[in-house]
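> Sharing a model prediction with you, sequence too.
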Amino acid sequence: MQPSTLIRASGLAAVVGGLAFIMFPLLHPDHTPVNYASATWAPIHMLPNIGAILMLYGLVGLLVRQLDRAGWFGVVSFAVAFFGTASFVMGAMIEAFIIPFMSLRNPAIEDGPPPPGIAETFLAIGIIMALGHLLLAVATYRAAVLPRGVAVLMGLGSVAMLILQQVGMMFPSLDALWALGPVLQGSGLAWMGYALWSDTPAPQRRERRIVYPAARSSLAASTR
């Protein structure tokens, strides 16, 4: 399998992952006991989880596609973004399964403060992921292998994912703004994936010359 095939495949994975991020805030149910117990809570909350896993494949394809132009800065930014995205998968699993289980067992947890360390861990994961994707956006913009608009949207999405969620936590009346983060992040990821798929040359098939036995005999006789 040729490298271009893997790059194009990673692009398709990034497109699907980006669409999963976009769909999540559009389908996200409220945090209530009824929704915790519903059959749709886990599948909806698996959307960002699946999106982040597919994003990891997209990040690898992006690294390979622009490695020559991005240099060491691109490698370092990829490593930070990869680590932050992998950590995000863990956080998404907690919200999909652990939080509903704990809230249904003890409803008082929903109204009280979170367990020690949970908020700090989620904040650290968000900062690392946002920083990594912002640095990767800068590297992509500088490399200019993909359209620079892809890098701009990736950078905006990474910042929005972190900032708007914190704004919603500090000002409950603005909580709905958090939905813009996954939409922008997913849009940038999907555009990046499409660029990887469409701008990477497709592998060319090698033509095999078939020599039949009669032709092989004639060729051997002519060389004597």
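Looks like it arrived, so ask away.
> Poorly predicted segments of the chain, please.
Along the chain, the parts satisfying pLDDT under 70 run over 1, 108-115, 203-224.
> Find the residue at the geometric middle of this structure.
M55 (2.4 Å; CA atoms, centre = their mean).
> With only the CA atoms kept, save stretch 25-32 in CSV.
Written as CSV, here are the backbone C-alpha positions of stretch 25-32 (Å, rounded to 0.1, in the frame of the first residue of the first chain):
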residue,chain,number,x,y,z
PRO,A,25,-24.2,19.7,20.0
LEU,A,26,-27.2,19.5,17.7
LEU,A,27,-28.4,16.3,19.3
HIS,A,28,-27.1,16.8,22.9
PRO,A,29,-29.8,16.2,25.5
ASP,A,30,-30.1,18.2,28.8
HIS,A,31,-28.5,16.8,31.9
THR,A,32,-31.6,15.5,33.6
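> Please shift the residue numbers so they start at 53 in all later answers.
With the count now opening at 53, the last piece we talked about shows up as stretch 77-84.
> ok, and for that stretch, which residues are buried?
Buried positions in stretch 77-84, judged by neighbour count with 16 or more other CB atoms under 10 Å: 77, 80. Every C-beta, even on glycine, is put in place using the N, C-alpha and C of the backbone.
> what distance separates that stretch from the centre of its chain?
How far stretch 77-84 lies from its chain's middle: 21 Å, per CA atoms, centre = their mean, to the nearest Å.
> Tell me the helix or strand right after the longest helix along the chain.
Criterion DSSP state H: the longest helix present in the chain is helix 93-145. Downstream of helix 93-145, the first helix or strand assigned by DSSP states H and E is helix 151-157.
> by contact count, what packs against that next one?
Contact here means 3 or more CB pairs under 8 Å, 6 or more residues apart in numbering; DSSP states H and E; on that basis helix 151-157 packs against helix 85-88, helix 160-163.
> mind redoing it with 10 Å?
helix 85-88, helix 93-145, helix 160-163 (3 or more CB pairs under 10 Å, 6 or more residues apart in numbering; DSSP states H and E).
> So which of those helices is nearest F174?
The closest of these to F174 is helix 93-145. By CB to CB, the value is 5.8 Å.
> show me the contacts for the nearest residue to F149 once chain neighbours are set aside.
Excluding the flanking residues, the one nearest F149 by CB to CB, 6 or more residues apart in numbering is A94, at 6.7 Å. Taking CB atoms under 10 Å, 6 or more residues apart in numbering as the contact definition, A94 lies against 88, 101, 148-149, 152.
> Would you show me how to pick out the buried ones of those in PyMOL?
Listed next is the PyMOL selection for buried residues among the contacts of A94, using 16+ other CB under 10 Å:
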select buried, resi 88+101+148+152
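> Show me the two of the contacts of A94 that sit farthest apart.
Pairwise distances across the contacts of A94 peak at 17.0 Å for Y88 and N101 (criterion: CB to CB).
> picking up where we left off before, tabulate the helices and strands packed on helix 151-157 (JSON lines), appending distance to G209.
Below are the helices and strands packed on helix 151-157 laid out as JSON lines (distance: least, CB to CB, whole Å):
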{"stretch": "helix 85-88", "distance to G209": "26"}
{"stretch": "helix 93-145", "distance to G209": "11"}
{"stretch": "helix 160-163", "distance to G209": "29"}
